[in-house]
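Engineer: coords please:
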Amino acid sequence: MKNIYGFMALIGLALTPLALLSQAPATAPAATAPPAAASDAAAFATIPPDQQATPEQFEKLFDVLRVRDQFQSFMKMMPSMVQQQIKSHAKQAQERLPSGQQLTPEQQAAIGKMTDKYIDKALNIYPIDEMIADIIPIYQRHISRADVDAIIAFYSSPAGQRMLALQPVIMKELMPVVMSHVQERTSALTDQMTKEMDAYMKSITPPATAPAAK
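Structural biologist: Prediction:
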């Protein structure tokens, strides 16, 4: 359970460059901004096709935001976690062998090769280019052409570039804090769930009957 939540936290941090889009200064023309009194539905209405940014604009935006660099840095953190998960499953599979049965060196080598194969597959399960291709149509529906140009302008400025340059530093400092809280709280949650589950199982288990007196 801890590994699952840790994986989710890492993904959240990897998406930091895209989250920056929502933090960019509102320098786009006023005509693109929703009225102050607009309803939530109107405020988040889909951008009309004639105002949508092109895929090329988003490619430029993602280049300015250094999205690929950030994702590649994220992927460097993944191997140890993936290896831990897959090797754990391989170990569990071996523990299910009949009692006393031992794997031969050839069988152990075959399992090691199989494990390495799936580690490699897991690390390449969702390529960065494919992820960006999936992201672009979604962003097109919600961020106008004028907004994309304004965001590019900001992140191309010295202040924007400094903000981007600091992201790896911030992530490095933030990661231990996030993982510590995630592990601590999921551990407590797991303990709480285990206790509640044990209590429930005891409540539905019939009490043992004493043997009848002879």
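Engineer: check which helix or strand covers residue 106.
Structural biologist: helix 105-123 (DSSP states H and E).
Engineer: who are the packing partners of that helix?
Structural biologist: If contacts are counted by 3 or more Cβ pairs under 8 Å, 6 or more residues apart in numbering; DSSP states H and E, helix 105-123 sits against helix 67-95. All C-beta spots, glycine's among them, are computed from the backbone N, C-alpha and C.
Engineer: please identify the buried residues of the next helix or strand after the helix holding residue 106?
Structural biologist: On the C-terminal side of helix 105-123, the closest following helix or strand by DSSP H and E is helix 128-142. By neighbour count with 16 or more other Cβ atoms under 10 Å, helix 128-142 contains the buried residues 128, 132, 136, 139, 140.
Engineer: report the rounded mean pLDDT for the lengthiest helix in the chain.
Structural biologist: Ranked by number of residues, the top helix in the chain under DSSP state H is helix 158-204. Summarised as a single mean, pLDDT over helix 158-204 is 87.
Engineer: list the helices and strands that helix packs on?
Structural biologist: helix 2-14, helix 16-19, helix 67-95, helix 145-156.
Engineer: comparing these by mean pLDDT, which bottoms out?
Structural biologist: helix 2-14 has the lowest average pLDDT among those, namely a mean of 45.
Engineer: ok, back up a step: ok, the buried residues of helix 128-142 vs residue 156, which is closest?
Structural biologist: residue 139 (17.9 Å; Cβ to Cβ).
Engineer: how long is stretch 115-131 from one end to the other?
Structural biologist: End-to-end span of stretch 115-131 (Cα to Cα, to the nearest Å): 25 Å.
Engineer: likewise stretch 123-131?
Structural biologist: Stretch 123-131 end-to-end distance (Cα to Cα) = 14 Å.
Engineer: what about it, average pLDDT?
Structural biologist: 81.
Engineer: report the mean per-residue pLDDT for stretch 45-58.
Structural biologist: 91.
Engineer: ok, and for that stretch, which residues are buried?
Structural biologist: Going by 16+ other Cβ under 10 Å, stretch 45-58 has these buried residues: 47, 52, 53, 57, 58.
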